[in-house]
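Trainee: no sequence on this one, just coordinates:
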């Protein structure tokens, strides 16, 4: 489900099977999904509180990621943990899902 006529690819749903790099804008934050490398990074917005997920984490599942509803996905720990099986995200309303280049990832030094 891609909208045409725009410079970047906008979709209404992301399942994880698409591959590529995506920016997901919610009401409160921006999330960057690198589906080729299997990671997700949260960047909090101006009024969002910091979270344990404000770093690149290995993506485990995408449960719901659709424009107009709350996003839900899970992430693996970055190392072995006796206490934590996985982290989860339950976001505010998803406002946009956009394909981006790898160079648009936060902290990226790569350019296409």
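Mentor: Nice, thanks for sending it over. In this text the structure is predicted, and so the values were computed from the model without any measurement. Numbering: from 1, shown residues only.

Trainee: hey, where'd the strands end up in the protein?
Mentor: Listed in chain order, the strands found in the chain under DSSP state E are 2-3, 10-11, 21-26, 29-34, 39-44, 57-64, 70-76, 86-100.

Trainee: quick one: contacts for the closest residue to residue 16 other than its chain neighbours?
Mentor: Nearest non-adjacent residue to residue 16, counting by C-beta to C-beta, 6 or more residues apart in numbering: residue 62, 4.3 Å away. C-beta: built from backbone N, CA, C; applies to glycine. Each residue near residue 62 by C-beta atoms under 8 Å, 6 or more residues apart in numbering is listed here: 14-16, 72-73.

Trainee: and of those residues, the nearest to residue 97?
Mentor: Residue 97 lies nearest to residue 14 out of these, by C-beta to C-beta, at 5.2 Å.

Trainee: hmm, back to that, return the member of the contacts of residue 62 nearest to residue 24.
Mentor: When these are compared against residue 24 (criterion: C-beta to C-beta), the nearest one is residue 14, at 6.9 Å.

Trainee: the closest one and residue 33 touch, don't they?
Mentor: Yes. Residue 14 lies in contact with residue 33 (C-beta atoms under 8 Å); the separation is 6.8 Å.

Trainee: what touches both of those two?
Mentor: 22, 24.

Trainee: how many neighbours does residue 31 have?
Mentor: Residue 31: 21 surrounding residues under other C-beta atoms under 10 Å.
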